[in-house]
Every structure is written in structure tokens, then in C-alpha cells.
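[1] using only what follows, build the 3D model:
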Amino acid sequence: MGQQEVSDFLKKYNAKWFTSKEIALKLGVSTGSVINNLSKLRKSKQVLYKPAGRANQYLYKYKK
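    A predicted model of the protein is given here:
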């Protein structure tokens, strides 16, 4: 599981926001793996993110 799979998933559903848990369930991988890859995508500014309402939880979306 790599950044490309997470990026491709977000690109496919670019109109919707997802939590890391939702992405993990849809891809059938661990949440930790998704969080790690989302962190790298955030640092490279390839995804948009915003607080989801809970502490330390974010919603993610592909950056066009």
C-alpha cells in the first residue's frame, strides 16, 4: 500500500471528503497505513484537508 493508491482513490472520488478510516475501509488496508500515506501527501500538498470536528481527525480530498 502506497501513496499512489490513496491518491488514486481520492482522485477517483474528487468531489467528496473522506476520513482516513473511510479510505482504509474502502481500500481494504489498515488505517495506520492510510494515515501515514496521507501525512506524506499533505506534506507534498497533493491533498486538501480540514478538521472533521473531533480532536485530531481530518477530512481529506484530492487537490485539483
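[2] in the chain, which spans are strands?
    Here the chain has its strands, by DSSP state E, at 18-19, 47-51, 58-62.
[3] mind checking the pLDDT average for the shortest one?
    Throughout strand 18-19, pLDDT has a mean value of 96.
[4] what strands line up against that strand, and which way round?
    strand 58-62 (antiparallel) (DSSP bridges).
[5] doesn't Y62 make contact with S7?
    Yes - using CB atoms under 8 Å, S7 makes contact with Y62 at a distance of 7.1 Å. Glycine gets a C-beta too; all of them are placed from N, C-alpha and C.
[6] can you check which residues contact both of these two?
    46-47 (CB atoms under 8 Å, 6 or more residues apart in numbering).
[7] now do the longest helix seen in the chain: everything it contacts.
    Under DSSP state H, the helix in the chain containing the largest number of residues is helix 31-43. With CB under 8 Å, 6+ apart as the test, helix 31-43 has contacts from 1-3, 5-7, 20-21, 23-24, 27, 47, 49, 60.
[8] could I get those as TSV with neighbour count and distance to K40?
    Below are the contacts of helix 31-43 laid out as TSV (neighbours: other CB atoms under 10 Å; distance: CB to CB, whole Å):
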residue	neighbour count	distance to K40
M1	14	12
G2	11	9
Q3	16	6
E5	15	12
V6	28	9
S7	19	10
S20	23	13
K21	12	18
I23	22	14
A24	19	15
L27	16	16
V47	23	10
Y49	15	13
Y60	24	12
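[9] pLDDT check: weakest of these?
    M1 (77).
[10] measure that one to N36 for me?
    According to CB to CB, to the nearest Å, M1 and N36 sit 9 Å apart.
[11] what do you get for S7?
    In terms of CB to CB, S7 sits 13 Å off from N36.
[12] give me the neighbour count for Y58.
    19 (other CB atoms under 10 Å).
[13] surely it touches K21?
    No - using CB under 8 Å, Y58 is not in contact with K21, being 10.9 Å away.
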